[in-house]
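S.K.: pasting the structure only:
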């Protein structure tokens, strides 16, 4: 019978190969249908009115004029009199109409009277926030080698005895998810049933969210999402707009499309919390950090939570450490999970401080990171290995110069920086059903979704590998909530979850087939294997029958088998037993930049990313994930940020014309290296979406610091901040 | 209905007529009236390139073109890039080179690259990066997109030489 565990490294037929996406063709010819491409007959369009104030209460709201407007079919309030608006751009009411023009006129006819209240949107200044009484304690934690000593006295002693002691300020601003397809859906009411073509990262989890508020039960709602134009952690929920679209479809009996505008998207549908930190750091002469004393703050919107204490400092765990966290409540929309929640900010505001150890001591940053690996735990040898690999690819040793002491080409200086990261990437719960038809057809069904990461192709490859077929012989069915439920795609949990459930389902289906075929080959089912489109006696190619012929033995009903994965306890690092999936990876990234000291412009010259991900299923899409993450990292390191106007509380750059993102000419050379020794392969499949997006901020900031000899404290490193750092000393 | 106008144009090689309002963009007409949803909407103000189509051979962002400006024009969308059931070299290079992820920006990039290679069959890497700078990929596949356009250009030149 077929073995459920993966074949040994180097012996798989398809796993680890270079495979095209099975949905690539549809995307290249324009036939891939996203939620906003679904256009049923007789469809209404809907759009929302946003509040122009950052903080207000609604005194009165009058929707009658809008309801009476020609072409307007329905108006749905999202807020009522007395409700408090807590950020600019919050959605107040939705109008559905025959055309976009009618909807626009309907929105303009809505009359709302606001009582404007005081607002606070500045997350950068902890003192100002304290004075405005919008802070809240978010934890403090002290760790001392000499546990019995008084913390203040012990830190004072450590700072006095250190080879170097310095204070630093670091920060990273709020960014948005900026999904190119905005949030929204097209809903069709069908009697007592409802179909929501929802742009979602969570096909299996959203029917219940839609059903309750509109008076249906989850089994009456089908969520469908074949393709999604970006999510990055912001599309797990059906959201108010998804529910309202469903409600409008139910109320009008007509299909309704309701997508957020770009501005509404940025103001409501996802952002990543900011992080700012003041730290006092002590290190020995070799750059080993002996004491870390920090206060950090930031905002996740109205609830006011900073980044987690657990990422301060990031990856490194100095022997003596004190950290105090403070949250700032701002009149800004609530944050959502953004690739690797907490980690990019933690990395950006603390591994910059580790680089400053090198700067203050005149040491090579590589050596300082290496020296501190003794504090990172069991993955230290992997980091060391990856650092060597990355340094070779970057030609680090040849290019290195002490901070601020490199040559100058006109007004341009160059520099190197690095950072390291970690992530879980363990699998989410997942169920799969595999069908083998009597005509040889194979189908696999999962209530999962493909965000562009290649999930569809991964599932197909696992089935094909298991059944000894080609990828093209497998029909992969995902994107529908009616299929066996699978977890939301976030936190790099998908590829592990779907690989495990798919492998188990396909193996179970194959074993049923082998039982049926065994008499024909006059063998025991335990002796059979599926290889190269045939069922054969193990190791004996001469005794076989073709796949199609084998499936002819099934009878009239297809074979159907289920596979399931339910989360379990993480395997210990030294576990050497067989497994399909695991959790926990390491990665190292290095950046080389050129900085024009006259204009403040930073140009990426080269970026190296070394990443372990366990067993690689599709090398082509795995590499794409890392390229994409590196460029998204370049984006938040050098370009993008949410800009809030303190006076009005407005998000002033909430359009693509004003929200700066890198373009093709801004990214430089990118080198991706998949780290895959046998020890990591044997751990099985581990998710990849998050880890490579963590380090770019710190690595690029450190490279800029190495070039200038001065720290640009806050990301993104805009020309203005570079020029301020140059003129401001430090 | 009196404010609607009949527009005639050539769309992906076919003669097409449609009714539109003066305020409607070419993007709206393509997607909502003609149901050609391969052309994507990303920003509606000309900053993402997702809605790029060819207008008399030149790339334009269709969200900034009024449908009424298209009378007698030759419009080519992503649906018209493949010929006789065969992928264009650029589409093939995007597929083979994994130059796409979520795919929402892909049609715009392919159409823009089409214009580039029609205009300049042998672009340098810098020229590719400059010409495609109006197209945004958030996922982001920039590096592989550049490689794919290079590969497509090479393939086209080889085909021309062989032909």
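M.R.: That came in fine, so what should we check first? Quantities reported herein were computed from a predicted structural model and do not represent experimental measurements.
S.K.: Now the lengthiest helix in chain A: average pLDDT?
M.R.: As assigned by DSSP state H, the longest helix anywhere in chain A is helix A:494-517. The average pLDDT for helix A:494-517 rounds to 97.
S.K.: Same question for stretch A:352-359.
M.R.: Rounded mean pLDDT across stretch A:352-359 is 98.
S.K.: coming back round to it: is there any residue in the longest helix of chain A that contacts chain B?
M.R.: No. In terms of C-beta under 8 Å from any C-beta of the partner chain, no part of helix A:494-517 sits within range of chain B; the closest distance is 13.8 Å. The C-beta positions use only the backbone N, C-alpha and C, and glycine is treated the same way.
S.K.: Show me what counts as buried in that helix.
M.R.: A:494-517 (16 or more other C-beta atoms under 10 Å in any protein chain shown).
S.K.: ok, now stretch A:645-660?
M.R.: A:649-651, A:653-656, A:659-660.
S.K.: Quick check: of the residues you listed, which lies closest to chain B?
M.R.: Within the buried residues of stretch A:645-660, proximity to chain B (C-beta to the nearest C-beta) peaks at residue A:656, which comes in at 3.8 Å.
S.K.: For chain B, what's the nearest residue on the stretch 51-200 of chain A?
M.R.: residue A:180 (4.7 Å).
S.K.: ok, that residue touching residue B:40?
M.R.: Yes. Counting by C-beta atoms under 8 Å, residue A:180 touches residue B:40, with 7.5 Å between them.
S.K.: For the two, list the residues in contact with both.
M.R.: Common neighbours of residue A:180 and residue B:40, counting by C-beta atoms under 8 Å, 6 or more residues apart in numbering or on different chains, are A:229, B:50, B:104-105.
S.K.: name the element the spatially most central residue of chain B belongs to?
M.R.: When C-alpha atoms, centre = their mean is applied to chain B, the residue found nearest the centroid is residue B:111 (2.8 Å). Assessed by DSSP states H and E, residue B:111 sits inside helix B:106-119.
S.K.: Over to residue A:113?
M.R.: Going by DSSP H and E, residue A:113 is in strand A:111-116.
S.K.: got it, and residue A:46?
M.R.: Element membership for residue A:46, per DSSP H and E: strand A:44-50.
S.K.: got the angle between that strand and strand A:111-116?
M.R.: Strand A:44-50 runs at 30 degrees relative to strand A:111-116, counting by axes from the mean of the first three to the mean of the last three C-alpha atoms, to 10 degrees.
S.K.: Name the next helix or strand following strand A:44-50 along the chain.
M.R.: strand A:56-62.
S.K.: any idea of the mean pLDDT in the next helix or strand after that following strand?
M.R.: The helix or strand immediately downstream of strand A:56-62 is helix A:64-67, counting by DSSP H and E. Computed over helix A:64-67, the mean pLDDT rounds to 98.
S.K.: other SSEs contacting helix A:64-67?
M.R.: strand A:72-77, helix A:100-108 (3 or more C-beta pairs under 8 Å, 6 or more residues apart in numbering or on different chains; DSSP states H and E).
S.K.: quick one: which helix or strand includes residue B:95?
M.R.: Residue B:95 belongs to helix B:89-96, assigned by DSSP H and E.
S.K.: Next one: residue B:151 from chain A, what distance?
M.R.: 14 Å (C-beta to the nearest C-beta, to the nearest Å).
S.K.: For that residue, which non-adjacent residue is closest in space?
M.R.: Nearest non-adjacent residue to residue B:151, counting by C-beta to C-beta, 6 or more residues apart in numbering or on different chains: residue B:93, 4.3 Å away.
S.K.: That's all I had, so thanks and see you.
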